[in-house]
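Participant: No sequence on hand, only this structure:
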């Protein structure tokens, strides 16, 4: 984990606040719901998906399960971090998840879903 954080620190434009592990940082507050922006790249349709932590949400062939959603307190600069597992129902049986890890609202390029048809990003945790 430390090697990963050190490697991410070398990326241009990345700050230490983006690399904070949201669950262990006392500056984050756990929230029960995630607000996600979903893009269908084929139709250019953007959809806002409301996902409850622990309950799968659907977008196209994707099943999105938010395992944790954390936000900064109201008196700080707004940010959100969500741990997500995204699977594709069209993937071959036994395939790994299409995405698994943290996404950050203020740094969406740090960790993204790489999918030919869909794009997902975290907007906020509420």
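Facilitator: That came in fine, so what should we check first? Here the structure is a predicted model, which is why all the values come from computation and not from measurement.
Participant: how about the strands of the protein, start to end?
Facilitator: 29-30, 33-40, 45-52, 57-59, 62-71, 80-88, 99-104, 118-125 (DSSP state E).
Participant: so which of those strands comes closest to residue 110?
Facilitator: The minimum distance between residue 110 and these falls on strand 99-104, with 5.6 Å, by CB to CB. All C-beta atoms are positioned from the backbone trio N, CA, C, and that covers glycine.
Participant: in the sheet, who's paired with the closest residue to residue 28 other than its chain neighbours?
Facilitator: In space, residue 28 comes closest to residue 70 once its chain neighbours are excluded; the distance is 4.0 Å by CB to CB, 6 or more residues apart in numbering. Residues in a beta bridge with residue 70, per DSSP bridges, are residue 30, residue 81.
Participant: which residues sit in contact with residue 70?
Facilitator: By CB atoms under 8 Å, 6 or more residues apart in numbering, the contact list for residue 70 reads 22, 23, 28, 29, 30, 31, 80, 81, 82, 125.
Participant: thought the fourth one was touching residue 75?
Facilitator: No - taking contacts as CB atoms under 8 Å, residue 29 lies outside contact range of residue 75: 11.1 Å.
Participant: Let me see the contact set for residue 119.
Facilitator: Residues near residue 119 by CB under 8 Å, 6+ apart: 38, 39, 41, 112, 113.
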